[in-house]
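Colleague: Pasting the sequence and the predicted model now:
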Amino acid sequence: MPLDLLINVTLGGILTGLVYGLMALGLSVIFGVVRIVNFAHGEMMTVAMYAAVLLFGWFKLDPLWAILPVAALLFVVGYALQAGLINPFIARPEHSQFILLVAIGTIITNGMLMAFGPDARNAQVGYAYDSFQIGPILLDKVRVYAAAASVVVATGLFAFFRYAPLGKAIRACADNHRGALVVGLDVKRLYALTFGIGAACVGAAGCLMVLLIDVTPTLGPGYTLLAFTIVIVGGLGSMAGALLGGILIGLSEALAGLLLEPSAKSMFGFALLILVLLFRPQGLMGKRT
Amino acid sequence: MNKQAKMAGRMTRRRFTQAAAAGLAAPALLAHPVRAQGAPLKIGLVLAKSGVQAFFGQSCERGALMAPALLAELGYKAKVELTTGDYESNVDTARIRAEKLIADGANVLIGCFDSGATSAVAQVAEQKGVPFVINVAAAPQITEQGYKFVFRNFSTALMLNQNALVLMKDLFKETGYTPKTCVLLHLNDTFGQASKSVMDKIFPSMGMPFKIVEAIAYDPTAKDLSVEVAKAKATEADLVMVISRLNDSITLVREMVKQRYEPKGIISPGSPGMYDDQFYKTLGKYSEYIITNTPWYNPNTDIAKKFRAAFEKKFPSDRFIGNVFNAGFTFEAVQIAVDAYTRAKSTDGKALAEALRSTNIAVHPMAGPPITFDAKGQNVRIASVALQNRNLEPTVVLPAEAAQMKPVFPMPGWNNRG
């Protein structure tokens, strides 16, 4: 096998994995604090993708710049969803949470089908067909830009949770719910903020994803499943784990497709998931309970 | 009341007998073929008007809706009533819709585009003894079941591939360039695997001047095909053969551009996608010069010109070229049904089936010889054309009698597209 082919595919897998990681990060943030598994995660990302496509269509706004308004929009949606609908379900059995969010996801998907129809859409940016070439290495520009933006957003998120007072307060809620209540933190509001932040994260990921793939209304469930796979591999509740999981899944898909069978490449992500569940069920960077 | 009047009003034994005889005779009279001749032919269209195949189903329906008027213009006198059953892109629903259409009086069924749905409807039609004229569906086994009521006016996967390979040889001869190697990229679903296995079966005996160096299967739901295209590029094959649908064909070509893989040609041996409006809209200049060898209409015949004019008049906001394949074959299916009804002079299932078996329609819009069916109900003479993307429109370039332009092959590099 030519070495340049191996290198190109490996680098492509890592770059794609970084975007996957950002997508999964939102899920991890929400679960890590609110302890709700967002089964409408992929659908929310699809909404963000459509928002980016519309902004590009109306204003020629590059999806890289559309991250700001779309993430803000998804933040508001996430905040409202948590405060208005999901909050009462936090104390309820997990199957109730599951059904609620699956229902929300189904409503979102069908709403998008009614609004946009079934045809695929994309944002045809001027550099969509361009690539960077360094010797035999060829990397398409959209993938490089999307991966770079993912790293920037993820870094911003890490910094927020580490250094910002609000971020520390959210972490306090996650670490010790009762303690947070005792010191007077408004836990309900912090939960809503966290859901909003997680949704904003997936909004950013959606803007970047639209550079890589075309959007259709039924994209959501596949990416919800992918996000789950990533956070379970990386460790549910671990932000660094989500990014690592994303890279691993992106890489496994790429290399499996190259070395084995392209049509079965998505199978290897699940194979990795099974291995992690068997030998390290808390995930690669998760904490054992 | 006087005695006579009472006698006149009373039910007598004679009157009772007369009334009973009339009552028993009435159904027989109503069912008499002589009365059925004047009745319209009720055609049930089993098409997907919603779901993932909605575009194709709606496109097919247009061909049926324009058929009555155009057939009248062509001299067919029979009246036609069309009813559509939407199978929602679901095979089980197709079966239910077919049964409902038959229960509601359909004399003939037409459908379905999807091979799975078509197989299901064929079973229903055969069980109920109602003729089923297939407009589009390539799975070979549909007409291999010994059915007596199923007739297909479309190529099987075998025919599609055979015609496609013959057209490729014609293309190389016409343009003076012959590729030596080929890589086959194909869907990993029923359609893709069936087409690939047919290709495997017939390729060795077709005397092609190139060899297939690698066959790469890909997941039809995959959104990222960069690995598949990277593998194809690594083969350095001159020619890329693609068995695809619309969204994945767009992704494949986009990846080839990004990875700077410039094969001498991209040819599809009959799969849809690369001549759709969305393909041109999304890829623009990168869609040019790609070839699909497929059944198509013959733009140079009078009937085809009438067909186009009738379509554009009835559906002014729908692009003819984007609909011609589906609408053309569905129009022909209605034509076949009406032609059979005209000769059978009956809506009886068996009579219609017998008439269908002896169909011979010389004047029809799709390219190829007269429409006839063999003993299995298959039209084995459906022709294909080489359709090249030129000026963002599918353009017939071969065979010569149907050509609108001369073919361009090898295709220009991605950066030489203007």
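Modeller: Yep, it's here.
Colleague: count of residues packed around the residue of the stretch 301-418 of chain B found nearest chain A?
Modeller: Closest approach of the stretch 301-418 of chain B to chain A (C-beta to the nearest C-beta) occurs at B:W414, with a separation of 7.7 Å. The way it works is simple: take the backbone N, C-alpha and C, and place the C-beta from them, glycine included. Close neighbours of B:W414, defined as other C-beta atoms under 10 Å in any protein chain shown, add up to 16.
Colleague: wait, what's in contact with it?
Modeller: B:W414 makes contact with A:Y129, B:M256, B:V257, B:R260, B:E262, B:Y286, according to C-beta atoms under 8 Å, 6 or more residues apart in numbering or on different chains.
Colleague: Check A:G26 too.
Modeller: Neighbouring residues of A:G26 by C-beta under 8 Å, 6+ apart: A:N38, A:H41, A:I197, A:G198, A:A199, A:A200, A:C201, A:V202, A:A205, A:A227.
Colleague: and of those residues, the nearest to A:L100?
Modeller: A:N38 (10.4 Å; C-beta to C-beta).
Colleague: which residues are contacting stretch B:163-173?
Modeller: B:155, B:178-179, B:202-203, B:206-209, B:267-270, B:291, B:293-294, B:382-386, B:397-399, B:407, B:409.
Colleague: buried set for that stretch?
Modeller: For stretch B:163-173, burial by neighbour count (16 or more other C-beta atoms under 10 Å in any protein chain shown) applies to B:N163, B:A164, B:L165, B:V166, B:L167, B:M168, B:D170, B:L171, B:F172.
Colleague: separation between the fourth one and B:I202?
Modeller: Translated: B:V166. Here B:V166 is placed at a distance of 11 Å from B:I202 (C-beta to C-beta, to the nearest Å).
Colleague: picking that back up, mind checking which of the contacts of B:W414 are buried?
Modeller: When these are checked for burial by 16+ other C-beta under 10 Å, the buried set is A:Y129, B:M256, B:V257, B:Y286.
Colleague: Tell me the residues of the stretch 151-289 of chain A that contact chain B?
Modeller: A:212-214, A:216, A:219, A:222, A:253-254, A:257-258, A:261-266 (C-beta under 8 Å from any C-beta of the partner chain).
Colleague: Tell me, what's the model's pLDDT at residue 233?
Modeller: Because you didn't say which chain, this covers chain A. For A:V233, the model assigns a pLDDT of 91.
Colleague: Oops, wrong one, chain B.
Modeller: pLDDT, B:K233: 95.
Colleague: gap between B:Y280 and B:R319?
Modeller: 10 Å.
Colleague: what about the strands in chain A?
Modeller: Taking DSSP state E, the strands of chain A run over residues A:131-134, A:137-140.
Colleague: Those into a markdown table, with extra columns for distance to chain B and mean pLDDT?
Modeller: A markdown table is the format used below for the strands of chain A (distance: least, C-beta to the nearest C-beta, whole Å; pLDDT from 0 to 100):
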| stretch | distance to chain B | mean pLDDT |
| --- | --- | --- |
| strand A:131-134 | 5 | 91 |
| strand A:137-140 | 4 | 90 |
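Colleague: among those strands, which is the most enclosed?
Modeller: Highest mean neighbour count among these (mean count of other C-beta atoms under 10 Å in any protein chain shown): strand A:137-140, with a mean of 19.
Colleague: export it as CSV, just CAs?
Modeller: In CSV, the C-alpha atoms belonging to strand A:137-140 read as follows (Å, rounded to 0.1, in the frame of the first residue of the first chain):
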residue,chain,number,x,y,z
ILE,A,137,0.2,14.8,1.6
LEU,A,138,-3.1,16.2,0.4
LEU,A,139,-5.6,17.6,2.9
ASP,A,140,-8.9,19.2,1.9
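Colleague: Return the list of helices and strands in contact with it.
Modeller: In terms of contacts (3 or more C-beta pairs under 8 Å, 6 or more residues apart in numbering or on different chains; DSSP states H and E), strand A:137-140 is packed against helix A:3-34, strand A:131-134.
Colleague: just so I know, which of the ones you listed lies nearest A:L74?
Modeller: Nearest to A:L74, of the helices and strands packed on strand A:137-140 and by C-beta to C-beta, is helix A:3-34 at 8.8 Å.
Colleague: What residues sit buried inside the closest one?
Modeller: Using 16+ other C-beta under 10 Å as the burial criterion, the residues of helix A:3-34 that qualify are A:5-6, A:8-9, A:11-34.
Colleague: out of B:Y280 and B:R319, which sits in the busier spot?
Modeller: Neighbour totals were compared for B:Y280 and B:R319, and B:Y280 leads with 21 against 12 (other C-beta under 10 Å).
Colleague: Need the nearest residue in space to that one, chain neighbours excluded.
Modeller: Leaving aside its sequence neighbours, B:Y280 sits nearest to B:L392 (C-beta to C-beta, 6 or more residues apart in numbering or on different chains; 4.3 Å).
Colleague: per-residue pLDDT, the one you found?
Modeller: For B:L392, the predicted pLDDT is 93.
Colleague: repeat for B:A20
Modeller: 46.
Colleague: circling back: for the residue nearest to B:Y280, what are its contacts?
Modeller: Contacts for B:L392 (C-beta under 8 Å, 6+ apart) come out as B:Y280, B:G284, B:S287, B:E288.
Colleague: which one in the contacts of A:G26 is the model shakiest on?
Modeller: Lowest in pLDDT among the contacts of A:G26 is A:N38, which has 87.
Colleague: What about that residue, how many residues nearby?
Modeller: When counting by other C-beta under 10 Å, one arrives at 29 neighbours for A:N38.
Colleague: How much space separates it from B:V124?
Modeller: The value you get for A:N38 to B:V124, if C-beta to C-beta is used, is 44 Å.
Colleague: cool, A:V29 as well?
Modeller: 52 Å.
Colleague: Could you list which residues are in contact with residue 175?
Modeller: Unless you meant another one, I'm taking chain A. Here A:D175 is in contact with no residues (criterion: C-beta under 8 Å, 6+ apart).
Colleague: To clarify, I was referring to chain B.
Modeller: The contact partners of B:T175, by C-beta under 8 Å, 6+ apart, come to B:P407, B:V408, B:F409, B:P410.
Colleague: do B:V198 as well
Modeller: B:P140, B:A157, B:L158, B:L160, B:N161.
Colleague: Helix or strand: which one has the fourth one?
Modeller: Under the assignment given by DSSP states H and E, the secondary-structure element containing B:L160 is helix B:157-175.
Colleague: Figure out how far that helix is from the centre of its chain.
Modeller: Distance, stretch centre to chain centre, for helix B:157-175: 20 Å (C-alpha atoms, centre = their mean, to the nearest Å).
Colleague: Rounded mean pLDDT for it, please.
Modeller: Helix B:157-175 comes out at a mean pLDDT of 95.
Colleague: Next secondary structure element downstream of that helix?
Modeller: Going down the chain from helix B:157-175, the next helix or strand is strand B:181-187, by DSSP H and E.
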